[in-house]
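# Got a predicted model here, sequence first, then my questions.
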Amino acid sequence: MHKLLIVDDEWFAVEGIKSGVDWGSLGFTDIYEAHNADQAKARLAQTEVDIILCDIEMPGQNGIELAEWVRKQFPFIPIIFLTCHADFAYAQQAIHLGSFDYLLKPVDFDVLKLTVNKALDQQLEVKRDKRQNEIYMKYYKMWESNKTVLYERFWQDLMWQRIVPLQSHIERALAINDIPIKSDYKVLPVLISMEKWEKPFNTRDEEVMEYALRKTAEELLLQNDAGQVVQDGNGVIFALLFDDGTKEQTLSFDRMKKRCQAYIEACSTYLYSSISCYIGEWSVLTSVSQSYNALLQMERNNVTASKAVMFYKEQAPSAKEVHLPAFFEWAELLEQAQYDQLQKISSEMFDRLGADAGIKGETLTIIYHGLLQTVFYVLQKRGVPAHAVLGSSVDLDPSTATKSLVQLRAWTMRMIREACNHLSDKNKESTIVEKVKRFIDIHLFDEMSRESLAASVHINPAYLSRLFRKECGMSLSDYMIQEKMKKVNELLLNTSETVSNIAKMFHYTNFSHFSKLYRKYYGLNPQEYRKQFSKNQ
């Protein structure tokens, strides 16, 4: 539960704040008071508090000076200033110190309660980020010092049949590598399918996070049972549980399912990853390669379920015959740049596919190549260079586009939108500004700069800024903010995402700055706008 520190030299003011708000309803169990800066420092030295309410005008050290000390010693504690004077100099200093808010006395208790509640939300986010960073650093250090190879190489060789799948050959490999299991052991393989990272990482960070996925799998999937977590040569993670003749009877599939569910939840919460688990069947070592390939095929065929636990013995039945799109009709619509009609028929197709539980990955591959061939044909026929459409905005890697039905749907929409934009008579000779606007629209959730936008159209950044202002009557940065705020508004009205999460989607780490930008366009802060909209429904 939460702890509050009230710092004010006026006794009656402290008592008024303590009695004026139902602190228990906000989760506060301890309310501490200090009547000067020295008392506040002494309290903070012995008690960890969550929020500080601090008067500015106090004898001795004032609230601003105390806040400077707090920022150095306890940088993550939100400070809400209280003052009798609307002094701009004080407000400016408070903002400079990163205070959460600045309230005038006498305090409106409803406003104070709302402000403290917002500060608690921010504090929870800070603590969560700090915890995630601690977990990251823990696994980064372990990854740095870890050099494991021997056991993993044995399992890779067994999976890929570089070890002949005969008991005598397996026994020899076990002995040579001094691996402490016997050739008559059974193995339960669990394929850990990395579906996507929920935030962008560079290459090194991805390697660290993959290591964290493996160590977490050891803790949550193996627990105290004998086994090992390994990666095959393609980077796919497997948890292997060993059975010396007793485990198959004691470790039920229900227990294994619960372990996998806990693992999936932990990975989503702490490791920014969306994963699924595919549980095989107990196999002798000579059959490990068959089990390995069967789970890989099972993963490939799953194009609809995400963050799921699936059993090999409960695979979906074979898909019904899939009616593929009539690509010649798509070609006709594409030539006419009929984007709305193409979007409609492609959405209907994906809705039908999504209703088919038995759909296989091969179907997605066929659709991918069919659409790609159609687009190439129409572009060539119309004399539009393919690279103009299939640039940085459309990924041509089939393994990425066909990983799931959702990803193929998104890829298809991007492809037909880009193709239609270039084939349309109106946009065939697109201006530089129009291309930049399209680039911004496509990459709205990505970090963009003047330089990256200029690079997308191969011109000088300074020239682009001047050209954009001349054509649009506003700066490039103002336009990007405007478009982001439009998308923010859509998410506020149409999703249940928290405001802080929405801010993070657009890479705003300073929540106060984000709220001010939003207010500039809509006259209210995000929370107020969402609340007002809800009342009007």
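Great, that's in hand. Numbering: from 1, shown residues only.
# buried sites along stretch 6-15?
Neighbour-count burial for stretch 6-15 flags 6, 7, 8, 9, 13, 14 (criterion: 16 or more other C-beta atoms under 10 Å). No exception for glycine: its C-beta is placed from N, CA and C like everyone else's.
# Next, the contact list for the spatially closest residue to residue 450 that is not a sequence neighbour, please.
Of all residues not flanking residue 450 in the chain, residue 461 sits nearest, at 4.7 Å (C-beta to C-beta, 6 or more residues apart in numbering). Shown in contact with residue 461 (C-beta atoms under 8 Å, 6 or more residues apart in numbering): 450, 451, 453, 454.
# Now do the contacts for the residue sitting furthest away from the middle of the chain.
Distance from the C-alpha centroid of the chain peaks at residue 59, with 48.0 Å (C-alpha atoms, centre = their mean). Residues in contact with residue 59 (C-beta under 8 Å, 6+ apart) are 9, 36.
# if you set the cut-off to 6 Å instead, what comes out?
For residue 59, the contact set (C-beta atoms under 6 Å, 6 or more residues apart in numbering) is empty.
# For it, give its distance to residue 39.
12 Å (C-beta to C-beta, to the nearest Å).
# For the lengthiest strand in the chain, output the C-alpha coordinates as PDB.
Longest strand in the chain by number of residues (criterion: DSSP state E): strand 186-197. This file holds the C-alpha atoms of strand 186-197, laid out as PDB (Å, rounded to 0.1, in the frame of the first residue of the first chain):
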ATOM      1  CA  LYS A 186      12.600 -40.100 -22.800                       C
ATOM      2  CA  VAL A 187      12.300 -36.400 -23.700                       C
ATOM      3  CA  LEU A 188       9.200 -34.100 -23.800                       C
ATOM      4  CA  PRO A 189      10.000 -31.300 -26.200                       C
ATOM      5  CA  VAL A 190       8.300 -27.900 -25.900                       C
ATOM      6  CA  LEU A 191       8.800 -25.500 -28.800                       C
ATOM      7  CA  ILE A 192       8.800 -21.900 -27.700                       C
ATOM      8  CA  SER A 193       7.600 -19.800 -30.600                       C
ATOM      9  CA  MET A 194       8.800 -16.200 -30.600                       C
ATOM     10  CA  GLU A 195       5.900 -14.400 -32.400                       C
ATOM     11  CA  LYS A 196       7.000 -10.800 -32.000                       C
ATOM     12  CA  TRP A 197       8.800  -8.300 -29.800                       C
END
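# Tell me the buried residues in it?
186, 187, 188, 189, 190, 191, 192, 193, 194, 195.
# can you give me the angle whatever helix or strand comes next after that strand makes with strand 186-197?
Counting by DSSP states H and E, the next helix or strand C-terminal to strand 186-197 is helix 203-217. Calculated by axes from the mean of the first three to the mean of the last three C-alpha atoms, to 10 degrees, helix 203-217 forms an angle of 140 degrees with strand 186-197.
# Use 46 as the first number for this chain going forward.
Happy to do that; since the first residue is 46 now, the last one works out to helix 248-262.
# Can you give the distance from helix 248-262 to the centre of its chain?
15 Å (C-alpha atoms, centre = their mean, to the nearest Å).
# Does anything pack onto it? Which helices or strands?
Using 3 or more C-beta pairs under 6 Å, 6 or more residues apart in numbering; DSSP states H and E, the elements in contact with helix 248-262 are helix 154-190.
# by contact count, what packs against the helix it packs on?
Partner elements for helix 154-190 (3+ C-beta pairs under 6 Å, 6+ apart): helix 248-262.
# Could you give me the buried positions within the helix it packs on?
253, 254, 255, 256, 257, 258, 259, 261, 262.
# Need those in JSON lines (columns: pLDDT).
As requested, the buried residues of helix 248-262 are exported to JSON lines (pLDDT from 0 to 100):
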{"residue": "253", "pLDDT": "89"}
{"residue": "254", "pLDDT": "90"}
{"residue": "255", "pLDDT": "90"}
{"residue": "256", "pLDDT": "90"}
{"residue": "257", "pLDDT": "92"}
{"residue": "258", "pLDDT": "93"}
{"residue": "259", "pLDDT": "91"}
{"residue": "261", "pLDDT": "94"}
{"residue": "262", "pLDDT": "94"}
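# Could you point out which of those residues is nearest to residue 89?
Nearest to residue 89 among those: residue 257, at 33.8 Å, using C-beta to C-beta.
# doesn't residue 315 make contact with that closest one?
No: Residue 257 is beyond contact range of residue 315, at 8.3 Å (criterion: C-beta atoms under 6 Å).
# what about the stretch 396-545 of the chain, any weak spots by pLDDT?
Confidence mapping of the stretch 396-545 of the chain against pLDDT under 70 gives the ranges 402-403, 428, 433-441, 470-476.
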